[in-house]
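> show me how the following folds:
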Amino acid sequence: QGNRDPSMSPCGVFPAVGEDAWIAIAVPDDAAFAALATELGLPGLADDPRFATVVARKRNEDALEGLVAGATANATPAEWMERLQAVGVPAAVVYHQPDMFADSQLQAREFFAEIGHPTIGPYLYPGAMAKFARGPADLETPAPTLGEHNEEILQGLLGVSDERYQQLIDDEVIGTVYLEDAR
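Numbers count the residues shown, from 1 in each chain. So this is what the prediction gives:
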C-alpha cells in the first residue's frame with residue numbers, strides 16, 4: 001500500500017527535481033483533484049472517466065500515480081508545495097533531516113527544542129506536532145541512551161528476577177555501562 005490512503009487518491013510521495021527529492025501530495029476530494037490536474041499541466045485529467053471521481057481514481061491508482069509522478073518530476077519539491085497549496089491541494093516537501101531545520105514554518109512555530117544530551121551535548125529535537133492552548137507540550141528530556149532503562153524495564157516492568165538479570169549481564173546480553181558513562 002505504501003503511502004496510499006483508502007479514501008484519497010492520489011495520496012503519496014512523488015519524485016521532483018533534485019537528488020532524492022520528493023513532494024508529498026494528498027488529494028481529499030474531486031475539487032482538489034481538478035486543481036491538482038491543472039497545476040500539473042494535465043487539465044483534461046479531471047474529466048477522464050478513469051479519474052473523474054475518487055472511486056474511479058482508486059480503481060485506476062497505478063495509472064494515475066504514474067501520470068502524477070511524470071508531471072511532478074519537472075519542478076522542485078518547494079515549488080510544487082507552494083503551487084499546490086496556493087490552489088488548495090495539500091502538499092508538503094519531504095525533507096532530508098538537515099533541510100528540515102531551515103523550514104520557516106517549523107521555525108515560526110518553534111517546533112524544534114534544544115535539549116542537552118548526555119553523549120552528544122546540546123541537540124535540536126523535533127517538538128510536539130500539535131500545540132495546545134492549555135498544557136505544556138514541550139520536551140523536557142533527551143531520548144534515552146542505549147540500555148539506560150534495562151533494569152527498570154526488565155525487572156520492574158517484566159518481573160525478571162535478580163538472578164536472571166545478573167545472568168543476562170554475565171552472558172553479555174545486556175550491559176551496565178551506558179553511553180552517558182562511556183564518555
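> buried sites along stretch 33-52?
F33, A34, A35, L36, A37, E39, L40, L42, L45, A46, D48, F51 (16 or more other Cβ atoms under 10 Å). The C-beta positions use only the backbone N, C-alpha and C, and glycine is treated the same way.
> in helices, which of the residues you listed appear?
Judged by DSSP state H, helices contain the following of the buried residues of stretch 33-52: F33, A34, A35, L36, A37, E39.
> so what's the spatially most central residue of the chain up against?
Nearest residue to the geometric centre of the chain (Cα atoms, centre = their mean): V94, 7.6 Å. Neighbour list for V94: V13, A21, W22, I23, A24, P77 [criterion: Cβ atoms under 8 Å, 6 or more residues apart in numbering].
> may I ask which of those has the most neighbours?
Taking other Cβ atoms under 10 Å as the neighbour criterion, I23 ranks highest of those with 27 neighbours.
> for it, give the beta-bridge partners.
Counting by DSSP bridges, I23 is bridged to F14, V93.
> hang on, it packs against P10?
No: applying Cβ atoms under 8 Å, one finds I23 not in contact with P10, separated by 11.1 Å.
> what does the biggest helix by length in the chain contact?
When the chain is parsed with DSSP H, its longest helix is helix 61-72. With Cβ under 8 Å, 6+ apart as the test, helix 61-72 has contacts from 4, 9-10, 12, 14-16, 23, 25, 36, 40-42, 45, 50-51, 57, 80.
> return the per-residue confidence for P28.
With respect to pLDDT, P28 scores 96.
> can you give me the helices for this structure?
30-39, 54-59, 61-72, 77-86, 97-100, 104-108, 150-151, 162-170.
> make JSON lines from the ones you listed and add distance to P122 to it.
Output for the helices of the chain, formatted as JSON lines (distance: least, Cβ to Cβ, whole Å):
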{"stretch": "helix 30-39", "distance to P122": "41"}
{"stretch": "helix 54-59", "distance to P122": "47"}
{"stretch": "helix 61-72", "distance to P122": "37"}
{"stretch": "helix 77-86", "distance to P122": "28"}
{"stretch": "helix 97-100", "distance to P122": "16"}
{"stretch": "helix 104-108", "distance to P122": "17"}
{"stretch": "helix 150-151", "distance to P122": "26"}
{"stretch": "helix 162-170", "distance to P122": "32"}
